[in-house]
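>>> Mind looking at a prediction? Sequence and model below.
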Amino acid sequence: MQALRGGIALLLAAWMLAAAACSATPEPATEVKQGPAYASLKDPAVVKVVPIILPERIDGSKDPGDEEKWRLEWPQRGANIVSDAIIDSSKGRVTARPVKDRPAEGWIVEVKVTSLDVGDAGKRQTSAFSSDSREGWSRTVADCRVINASTGELAATLTLEHRTGSVLAWSVPFENDMDIIGERIGAWLAQR
């Protein structure tokens, strides 16, 4: 009986790893543009993440009222997720704090989503475990700016993209996209 439970647990773990592996497309390379404050961005210990800026249009399948709800919830929710992901991916080397208002000092991380497609949940469920189909997947493209709050000078802009198929850890693909984007920002900041 114990061997059966162990076998089931092993199969479940293998399925979860397979699902996680199929949840995203290969990442396009991070495009980094340096700004005037780039040279002063050395070993940033703390960054403050302002609410995510959503695009004027959100594409994809949605029910009436979804977009209004998302516009209320996602800016701060996204900032919280990005902050946690920065800390995790930098292995604690960079502390990130979500803030509601733009601070007057320190380093700011501003994530402006330039393109957002939430995909189609019905199509995504059937294509998430396929190696060929990306039908219904989400797609988020964002310009992530690191800004010196006291001077207003831009240190760098990272252009990042992520697509999500299956969602295991998050309730919606946007949350997964923000997590991966935050991880990539954190890894980049940790190299400064």
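Alright, I've got the coordinates. Residues are numbered from 1 along each chain as shown.

>>> in the helix ranked longest in the chain, what's buried?
Determined from DSSP state H, the single longest helix within the chain is helix 66-89. Buried residues in helix 66-89, counted by 16 or more other CB atoms under 10 Å: 67, 70, 74-87, 89. For the C-beta atoms, the positions are set from N, CA and C on the backbone; glycine is no exception.

>>> And for stretch 143-160?
Quick answer for stretch 143-160 (16+ other CB under 10 Å): 143-149, 154-158, 160.

>>> now, which of those residues lie within helices?
Among those, no member lies in helices (by DSSP H).

>>> which two from these end up farthest apart in space?
Ala149 and Leu160 (21.4 Å; CB to CB).

>>> how about the closest residue to Arg57 other than its chain neighbours, phi and psi?
Nearest non-adjacent residue to Arg57, counting by CB to CB, 6 or more residues apart in numbering: Leu116, 7.9 Å away. For Leu116, the backbone dihedrals (degrees, to the nearest 10) come out as phi -140, psi 120.

>>> same deal with Arg97?
According to degrees, to the nearest 10, Arg97 has phi -130, psi 130.

>>> Pull the contacting residues for the nearest residue to it once chain neighbours are set aside.
Ranked by CB to CB, 6+ apart and with sequence neighbours excluded, the top spatial neighbour of Arg97 is Lys48, at 5.2 Å. Neighbouring residues of Lys48 by CB atoms under 8 Å, 6 or more residues apart in numbering: 96-99, 103, 106-109, 149.
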